[in-house]
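>>> Attaching a predicted model along with its sequence, questions to come.
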Amino acid sequence: MSNKILERSNWPSFKNASFLDVLDKVAARSYKKKTTEGYLAALLIYQQLVEEIVRMLIRNSEFLIECRVYPFQINFKKHDEKMFGQLLQDLAACVNFPQKQKLYVNCTKLNRIRILGVHKITQQKNLTEIRKTVKEVKNIYSEIFNLFVQSRDYFRVIFGKLEKENIK
């Protein structure tokens, strides 16, 4: 087993967690403004936060694989430059975990809504439609975040077990 598991600082984590928290608060404040600008800002921020969540889940999956195939080396492709649709494909292909399917479905749904809300904004009829779209995104984001917390905890438990196995 990899010695990486013994050093918790090697475990996957957000590099900029405090800033992501700030963005989450900005999205909530933007939404509460009840303006077109606020709704669009919230929509974009929620989508970007979900991208980071998906990247983190992929990194957790890859870290688990690295630990399990040790002493063999495995190199994974970088995910930093990938578009959201590509990240969703990577999420679908990563190891299974209890909330994976629900997360994938919700992320895919959020992506479809974002495409309609941003790329086809001129097809919206009025501010009420935009508000309804962003409200749906906000609700999906909350569900994704809750599923992410459960998934993160699931991976942490597994990493903890691997750590204990490696100590013995």
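Structure's in. What do you need?

>>> going forward, measure contacts between C-alpha atoms and count neighbours the same way
Fine.

>>> Report the distance from the longest helix along the chain to the chain centre.
Ranked by residue count, the top helix of the chain under DSSP state H comes out as helix 127-167. Distance, stretch centre to chain centre, for helix 127-167: 7 Å (Cα atoms, centre = their mean, to the nearest Å).

>>> next one: stretch 103-118
Distance, centroid of stretch 103-118 to centroid of chain: 12 Å (Cα atoms, centre = their mean).

>>> tell me the centre residue of the protein?
residue 53 (1.7 Å; Cα atoms, centre = their mean).

>>> Does that one touch residue 149 like I think?
No - contact criterion Cα atoms under 8 Å: residue 53 and residue 149 do not qualify, at 9.6 Å.

>>> Now for residue 101, how many residues are close by?
Other residues lying near residue 101 total 13 when counted by other Cα atoms under 10 Å.

>>> Then residue 151?
Neighbours of residue 151 (other Cα under 10 Å): 19.

>>> mind listing the helices for the chain?
Using DSSP H, helices in the chain cover 17-32, 36-69, 84-93, 100-114, 127-167.

>>> out of those, deepest packed?
Most buried of the helices of the chain by mean neighbour count (mean count of other Cα atoms under 10 Å) is helix 36-69; its value is a mean of 20.

>>> Helix 84-93 and that one, what's the angle between them?
30 degrees (axes from the mean of the first three to the mean of the last three Cα atoms, to 10 degrees).

>>> Return the angle between stretch directions for helix 36-69 and helix 127-167.
20 degrees.

>>> helices and strands around helix 36-69, which ones?
Packing contacts for helix 36-69, counted by 3 or more Cα pairs under 8 Å, 6 or more residues apart in numbering; DSSP states H and E, involve helix 17-32, helix 84-93, helix 100-114, helix 127-167.

>>> averaged over its residues, what pLDDT does the longest one have?
For helix 127-167, mean pLDDT is 92.

>>> residues in contact with the closest residue to residue 26 other than its chain neighbours?
Nearest residue to residue 26 in three dimensions, chain neighbours excluded: residue 42, at 7.6 Å (Cα to Cα, 6 or more residues apart in numbering). For residue 42, the contact set (Cα atoms under 8 Å, 6 or more residues apart in numbering) comprises 26-28, 30-31, 134, 138.
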